[in-house]
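Peer 1: sequence and predicted structure are below.
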Amino acid sequence: MRWVFIVFFLVGCCGTDVSYPGHNYLGARYEISPLGEARAPDVDPLIRFDAFDCTTFVETVLADGDLERLNNIRYRDGDIGFLNRNHFIESDWLVNNAGLVENVSSEFGATALRHVAIDKSAWLWRVHGVRADFSPVSVDLEYLPYGAFDGIKINAPMIVLFITDNPEIRDKIGTDLAVVHMGILLPNGMLRHASSVAGRVVDSDFMEYVEQRAKSKTNIGISLVRIK
């Protein structure tokens, strides 16, 4: 992610399965925004395997470590550039990767809509000092509220998005935000993700992790995203 947030985390030390995607990155350190365009304003490399944040971990796993695939996931039409990057999961990433993923939350229970208004121009200036003209975008993101499910049974790995409704984020970064964390939910009930609290890529018991997040009133639920 391109912002700082607090995640309540309970490390799951058991259940690691190397047959699922991303196992080769387990233990890699957590680093905020470790990837960039290798030139200003973000001089971080286009790809790396020693450090991840939650988004770059999911992206690298989806790309199977291939640079060209990764660029097509991270950038609109694969056009490498800071302003073309899919910075926002809600309004950029899900839309521009619609051929690869789809939100299927409604298949797992009664959903709600998180209305989120993304002001990319305000965020670029507030957080990065970059001036650019983007019209605000409103998105209704379908999600499963906490308390609406007591377990998720899946047959193949899925992406899980953790949804918040926190006015303090808007005040801090200049825009509303719904998705504050993401990872890969495995059929064995584990969440494989880059954790800021653990400081590395780990497997966590998914439902225990959900229980911890649900203790905060600003954390409202999850979206389940199928990999096509």
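Peer 2: Structure's in. What do you need?
Peer 1: show me where the protein has its helices.
Peer 2: Using DSSP state H, the helices of the chain run over residues 54-62, 67-74, 94-96, 120-123, 167-173, 206-213.
Peer 1: for stretch 40-56, how far is the first residue from the last?
Peer 2: Stretch 40-56 has an end-to-end distance of 19 Å (Cα to Cα, to the nearest Å).
Peer 1: just the C-alphas of the helix-or-strand element of the chain with minimal mean pLDDT, formatted as PDB.
Peer 2: The least trusted helix or strand in the chain, going by mean pLDDT, DSSP states H and E, turns out to be helix 167-173, with a mean of 94. Extracted in PDB, the C-alpha atoms of helix 167-173 (Å, rounded to 0.1, in the frame of the first residue of the first chain):
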ATOM      1  CA  PRO A 167     -12.500   9.400   8.600                       C
ATOM      2  CA  GLU A 168      -9.000   9.800  10.100                       C
ATOM      3  CA  ILE A 169      -7.600   8.300   6.900                       C
ATOM      4  CA  ARG A 170      -9.400  10.900   4.800                       C
ATOM      5  CA  ASP A 171      -8.000  13.700   7.000                       C
ATOM      6  CA  LYS A 172      -4.400  12.300   6.800                       C
ATOM      7  CA  ILE A 173      -4.000  11.400   3.100                       C
END
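Peer 1: so which bits of that helix are buried?
Peer 2: Neighbour counts over helix 167-173 (16 or more other Cβ atoms under 10 Å) mark 169-170, 173 as buried. Just so you know, the C-beta spots here come from the backbone N, C-alpha and C atoms, and that holds for glycine as well.
Peer 1: let me see the contact set for the spatially most central residue of the chain.
Peer 2: Compute the mean C-alpha point of the chain, and by Cα atoms, centre = their mean the closest residue is residue 182, 3.3 Å away. Taking Cβ atoms under 8 Å, 6 or more residues apart in numbering, we find residue 182 in contact with 54-55, 58, 89, 159-162, 193.
Peer 1: could the residues you listed go into a markdown table alongside pLDDT?
Peer 2: As requested, the contacts of residue 182 are exported to a markdown table (pLDDT from 0 to 100):
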| residue | pLDDT |
| --- | --- |
| 54 | 98 |
| 55 | 98 |
| 58 | 98 |
| 89 | 98 |
| 159 | 98 |
| 160 | 98 |
| 161 | 98 |
| 162 | 98 |
| 193 | 98 |
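Peer 1: between which two of those residues is the distance greatest?
Peer 2: Farthest-apart pair in these is 89 and 193; separation 13.9 Å (Cβ to Cβ).
Peer 1: re earlier: what pLDDT does the model give the residue nearest to the centre of the chain?
Peer 2: If you check residue 182, the pLDDT there is 98.
Peer 1: ok, residue 38 next?
Peer 2: 97.
Peer 1: also residue 14?
Peer 2: For residue 14, pLDDT reads 43.
Peer 1: what's around residue 133, how many residues?
Peer 2: Residue 133 has 7 neighbours, counted by other Cβ atoms under 10 Å.
Peer 1: now do it against residue 122, distance only.
Peer 2: 11 Å (Cβ to Cβ, to the nearest Å).
Peer 1: again with residue 85
Peer 2: Distance, residue 85 to residue 122, using Cβ to Cβ: 17 Å.
Peer 1: comparing those two, which residue is more hemmed in?
Peer 2: Counting neighbours by other Cβ under 10 Å for residue 85 and for residue 122 shows that residue 85 has the greater number, 21 against 16.
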